[in-house]
Every structure is written in structure tokens, then in C-alpha cells.
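[1] sequence first, predicted model second:
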Amino acid sequence: MAHQNFNHLIDANGRLKAAGAVSTSADGTDIVDLGPGFAAFDVVIAWTACEVADGNERYDVIIQGSNSATFASGVYELVKTSFGDSSVNGDATDTPPSGLLVLSGSNVAITSATDGNTVGPLRYARIRTVVAGTVATGMNYEAWLTKPQK
């Protein structure tokens with residue numbers, strides 16, 4: 001089933017993470033095939049809980065890309081944002097208990113450690129959450145990749 005969200009078509013084909021709490025660092029299990037060419041995308045992140053009770057909780061949400069369907073090799077960071085307490089997340093305020101965030105990105109990465117001109121598209125995308133601080137309940141969120149909006 002698909003539905004519109006701020007003019008973004010959200011469906012199961014673009015799902016990076018189903019709704020659920022994250023209280024420890026983990027790689028996502030949903031992998032999106034972006035195809036063999038260059039692709040621009042938006043990331044829609046919707047959360048219903050974000051623990052900040054101890055003043056040191058941080059949740060980095062990272063979209064990773066790879067040409068390996070299993071992410072066994074060649075994993076690159078495509079998009080990153082941080083949630084949590086303002087003392088550690090880089091924002092002026094704590095992340096609110098619920099909300100929606102849309103970020104833009106692409107599957108393009110520098111794929112050589114020695115040649116910065118070696119740029120290429122990465123076919124597959126997944127999500128990774130890195131959790132830091134004193135976390136009990138964590139952050140409950142879901143995320144999708146969608147076509148970019150004009």
C-alpha cells in the first residue's frame with residue numbers, strides 16, 4: 001500500500017526501516033535497489049518517540065550505499081543526520097518527542113581511497129542507526145527512500 005506524505009510517495013519498495021524502537025546501534029535489514037545508474041532521492045524519517053531524559057542521548061541515522069546487495073564490502077555513507085539531546089546532537093534544541101524530517105541525497109560516492117576523482121553510483125541503500133549515551137527506551141522511527149520532489 002502506498003500513501004502520500006508531503007508530496008512524497010511512500011511505499012514498501014522504498015522502505016528502509018519499519019516502525020520500531022532502536023536502543024542500540026544496528027544496521028537496517030531492509031535494502032533498497034536504486035538501479036545501476038545515478039539516482040537522486042529523498043529520505044523521509046518519521047518518529048514517534050525520542051528519548052532525551054539523561055541529557056546525553058544521540059541517535060545518528062545514516063543512509064549507506066554499496067554495490068554489494070548484502071553490504072559485505074564497499075559500504076559508503078550517503079546521508080547522515082542526528083537526533084537526541086541538544087548537548088550532543090549538534091542542534092540548538094532537543095529532538096521533539098515526535099516529528100517528520102525529509103532529507104535529500106544521491107547514490108554517488110567517491111569509491112577510491114587514493115583517487116578523489118573516482119566517483120560512481122552505488123546500487124543498493126540501507127539505513128544504519130548509531131546510538132550513544134545513556135539510552136533506555138531509545139528512538140522509535142521508520143524511514144523510506146522516495147523520488148525527490150521538485
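    Yep, that arrived. Bear in mind that the values here come from a model prediction, so they are computed numbers and not experimental data.
[2] wait, residue 63 touches residue 122, no?
    No - judged on CB atoms under 8 Å, residue 63 makes no contact with residue 122 at a distance of 10.4 Å. Every residue, glycine included, has its C-beta placed from N, CA and C.
[3] shared neighbours of these two, which are they?
    Common neighbours of residue 63 and residue 122, counting by CB atoms under 8 Å, 6 or more residues apart in numbering, are residue 78.
[4] okay, the two: which has more neighbours?
    The neighbour comparison of residue 63 against residue 122 (other CB atoms under 10 Å) goes to residue 63, with 25 against 22.
[5] just confirm that one is within a strand.
    Yes - assessed by DSSP: H, G, I helix; E, B strand; the rest coil, residue 63 belongs to a strand.
[6] grab the nearest non-local neighbour of it.
    residue 79 (4.1 Å; CB to CB, 6 or more residues apart in numbering).
[7] neighbouring contacts of stretch 120-128?
    For stretch 120-128, with CB under 8 Å, 6+ apart as the criterion, the contacting residues are 16-17, 25-39, 41, 61-69, 71, 74, 76, 78, 107-109, 111, 143, 145.
[8] quick check: end-to-end length of it?
    Counting by CA to CA, to the nearest Å, you get 21 Å between the two ends of stretch 120-128.
[9] for the protein, longest strand please?
    If you go by DSSP state E, the chain has its longest strand at strand 40-50.
[10] show me where pLDDT drops low in the chain?
    Along the chain, the parts satisfying pLDDT under 70 run over 1-7, 150.
[11] go again using 80 as the cut-off
    1-9, 112-113, 116, 149-150 (pLDDT under 80).
[12] coming back round to it: list the helices and strands the helix or strand where the residue nearest to residue 63 lies packs on?
    Taking DSSP states H and E as the criterion, residue 79 maps to strand 76-84. Contacting strand 76-84 under the criterion 3 or more CB pairs under 8 Å, 6 or more residues apart in numbering; DSSP states H and E are the following elements: strand 40-50, strand 58-66, strand 99-106.
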